[in-house]
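K.L.:
sequence first, predicted coordinates after that:
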Amino acid sequence: MEFILLLRIAIIAVVALFFQPVRPALADQPMFYAESGLAISGYDTVAFFVERRAVLGHSDHAVMWKGAVWRFVSADNRRHFESNPRAYAPMFGGYCAYAVSQGYLMSGAPQSWQIVDNQLYLLYSASVQEIWRRDMTDLIVSGRSNWPDVLGHE
């Protein structure tokens, strides 16, 4: 009887280990800004490159990557992303590139964006984008220096 009780306790303990949540070990903030789980607020990251504008994606053309759901306007755009997601994903995880260059995090807005050297950068707002454009080369260098260390700060 005592053996059966110990066996049950051991089985429960082992099963409980398998249901422990997985937590990120290195960062306080997610690698990609994804409000409500949607990367770039549901905008199609490939469309920035192909259509040169911000276009909302559709849930029927979505893929999970790096802990976020990425939506696309078409299956073709989804396939482009799946073949090389790093080529299309925004720099600095979709956080505001200006904020990262200054050492802090802010959400990036899909309506305020810039492609520089074939890399997508999101900015917080149109006014921040104007500041960014004045000195974007140096700000990109500063942002790269701060990234990903800035993920540990809010």
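P.N.:
Good, I have the coordinates. Numbers count the residues shown, from 1 in each chain.
K.L.:
which residues touch stretch 137-144?
P.N.:
The contact list for stretch 137-144, computed with CB atoms under 8 Å, 6 or more residues apart in numbering, reads 91, 92, 97, 98, 100, 101, 102, 116, 121, 132. C-beta here means a position set from N, CA and C on the backbone, and glycine is covered the same way.
K.L.:
ok, the fourth one - how many residues close by?
P.N.:
Residues lying near residue 98 (other CB atoms under 10 Å) number 26.
K.L.:
how does the protein divide into domains?
P.N.:
Following automatic domain parsing, one finds the domains of the chain at 31-87, 90-154.
K.L.:
let's see the distance spanning the first one from one end to the other.
P.N.:
Between the opening and closing residues of domain 31-87 lies a distance of 16 Å (CA to CA, to the nearest Å).
K.L.:
ranges for the strands of this structure?
P.N.:
Applying DSSP state E to the chain gives strands spanning 58-65, 68-72, 109-116, 119-123.
K.L.:
rewinding a little: want to throw the domains of the chain into CSV with mean pLDDT?
P.N.:
Compiled in CSV, the domains of the chain are given as follows (pLDDT from 0 to 100):
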stretch, mean pLDDT
domain 31-87, 95
domain 90-154, 94
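K.L.:
hmm, back to that, for the strands of the chain, which one ends up most surrounded?
P.N.:
Greatest average neighbour count among the strands of the chain goes to strand 119-123 (a mean of 25), per mean count of other CB atoms under 10 Å.
K.L.:
quick check, central residue of the protein?
P.N.:
Centroid check for the chain by CA atoms, centre = their mean gives residue 32 as the closest residue, at 1.7 Å.
K.L.:
that residue and residue 117, how far apart?
P.N.:
20 Å (CB to CB, to the nearest Å).
K.L.:
just residue 44 next, same as before
P.N.:
For residue 44, the distance to residue 117 (CB to CB) stands at 21 Å.
K.L.:
who has more neighbours, those two?
P.N.:
Counted by other CB under 10 Å, residue 44 and residue 117 do not tie: residue 44 has more neighbours, with 27 against 8.
K.L.:
all helices for the protein, in order.
P.N.:
For the chain, helices defined by DSSP state H occupy the ranges 2-18, 45-50, 75-83, 85-88, 97-101, 126-134, 136-146.
K.L.:
what does the fourth one rub up against?
P.N.:
For helix 85-88, the surrounding residues in contact (CB under 8 Å, 6+ apart) are 45, 46, 48, 49, 65, 66, 70, 80, 81, 118, 120.
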